[in-house]
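Colleague: Could you look at this predicted model? Sequence included:
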Amino acid sequence: MPIEDSPLKKMFVLLLVVFSSSVFVTKVNAGYTSVLLSPSSGTIGPSETAIELKVDSGVDEFIGIDIDIAFTGPVEFVRATGNKCGSFTPTVSGGTLNIECFFMDGGVYSGTVATLYFKATDTGTSTYSITRVDPESATKAGGTYTLSMESNTVSSEESSTTSSGTNLPQAGLLDNTTKYIVLGGSLVLYGFIFSRFDFFTDKAKTRRISTRQKNFEKRF
């Protein structure tokens, strides 16, 4: 029997096809190393709070990402900005945020893909879960956040207050007041001294005039 039609050759060809297919499928279905939210915990206040969507493509090329992020609790999606996207589309439906980011320049990438902004509408806890991602990722990590209605930004230039809410005087105010009091007292003291000096000067002058008049009268 010719070698072309031998069962050994057929088995070899079959194994070659299976091996080639497995390599091709593995290459096509290669996914990212990790997709996660950063930070994974913290506080979301009544004003918009930023959460970053980070991707590590590993050895695979970064071509973008199509991801669904589900969130719970009294929290509201405000807006989103793309950091590594030629085309960027955020869409929110109910408690799920979908991000479509396409990047056609290729190359591996590890970093922030998008910045998401949320705000709390009441106190409580909110859990964020990555429910779907394309391409697939070996690691997917969401986050859990505390919701607060208190503003966490306080200007350092605001004056200090007591426990009753009364404003304390600003630093240096008492020192300036003391300086003004000392200056005013000095001026009053100088004025008093000069007035007494003028008094004694006028009195001495009057005495000299009176003495001269008497001496002049004695001549006649």
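Modeller: Here it is on my side, so go on. Numbers count the residues shown, from 1 in each chain.
Colleague: how about the strands of this protein, start to end?
Modeller: 32-38, 41-44, 49-56, 64-71, 75-82, 87-93, 96-102, 110-120, 124-134, 137-141, 143-147 (DSSP state E).
Colleague: Which one, of those strands, ends up nearest to L187?
Modeller: Nearest of those to L187, taken as CB to CB: strand 41-44 at 57.2 Å. C-beta: built from backbone N, CA, C; applies to glycine.
Colleague: Select the helix or strand of this structure having the lowest average pLDDT value.
Modeller: Counting by mean pLDDT, DSSP states H and E, the chain has its least confident helix or strand at helix 7-28, which shows a mean of 44.
Colleague: Quickly list the domain ranges of the chain.
Modeller: 31-147, 179-210 (automatic domain parsing).
Colleague: Leaving out the residues flanking it, which one is nearest to I63?
Modeller: Distances taken as CB to CB, 6 or more residues apart in numbering put F103 closest to I63, at 6.1 Å, once the chain neighbours are dropped.
Colleague: can you tell me which of the domains of the chain the model trusts least?
Modeller: Note on the domains of the chain: domain 179-210 shows the lowest mean pLDDT, a mean of 61.
Colleague: sorry, back to before: so which of the strands of the chain comes closest to L189?
Modeller: strand 41-44 (60.6 Å).
Colleague: What strands line up against that closest one, and which way round?
Modeller: Counting by DSSP bridges, the strands paired with strand 41-44 are strand 143-147 (parallel).
Colleague: does the nearest residue to F77 once chain neighbours are set aside have beta-bridge partners, and which?
Modeller: Of all residues not flanking F77 in the chain, V92 sits nearest, at 4.7 Å (CB to CB, 6+ apart). Beta bridges link V92 to L97, judged by DSSP bridges.
Colleague: I am finished for the moment; much appreciated.
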